[in-house]
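> Below is the structure, and that's it, no one-letter string:
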C-alpha cells in the first residue's frame with residue numbers, strides 16, 4: 001500500500017498551526033521527520049515553524065515533502081480527583097463497593 005505526499009501550504013497560511021514532513025539529513029537520506037507548530041514564515045526558499053516549546057525550525061523548501069494546516073489542539077480536560085467523585089456520589093445516595 002502506498003501513499004502520496006501533498007504539500008498544501010501557501011504564504012497565506014502564515015500564523016496558522018501546521019504540520020510539515022521533511023528530510024532533515026542529507027538530500028539522499030531516507031529519514032523523514034515531522035514538525036508541528038505555528039507557521040511563521042513561508043517563501044520560495046524556506047519555511048519557519050515555531051514549535052510548542054518555542055523552538056524555531058527552519059525547513060529548506062527543497063527538503064519539505066508534505067505540509068498542511070491542522071486544527072488547533074483539543075482543549076485539555078481537567079482531571080477530577082477521586083475524592084471529589086466519592087463525595088459527589090455520597091451526596092446522591094450511591095453506595096460504594098468495598099475494596
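Structure received. Since the structure is predicted, the reported quantities are computational estimates derived from the model, not experimental observations. Numbers count the residues shown, from 1 in each chain.
> Scan this protein for its longest strand.
Ranked by number of residues, the top strand in the chain under DSSP state E is strand 33-42.
> partners of the helix or strand that that strand is followed by in the sheet?
Downstream of strand 33-42, the first helix or strand assigned by DSSP states H and E is strand 46-51. Strand 46-51 pairs in its sheet with strand 33-42 (antiparallel), strand 56-60 (antiparallel), by DSSP bridges.
> now the first one: mean pLDDT?
This points to strand 33-42. For strand 33-42, mean pLDDT is 96.
> what does it contact?
Contacts to strand 33-42, defined as CB atoms under 8 Å, 6 or more residues apart in numbering, come from residues 9-11, 13-24, 47-52, 56-57, 59, 70. No exception for glycine: its C-beta is placed from N, CA and C like everyone else's.
> Report the separation between the residue sitting nearest the centre point of the chain and residue 13.
Taking CA atoms, centre = their mean, the centroid of the chain lies closest to residue 36, which sits 4.4 Å from it. For residue 36, the distance to residue 13 (CB to CB, to the nearest Å) stands at 14 Å.
> got it, and residue 6?
Separation of residue 6 from residue 13 (CB to CB): 14 Å.
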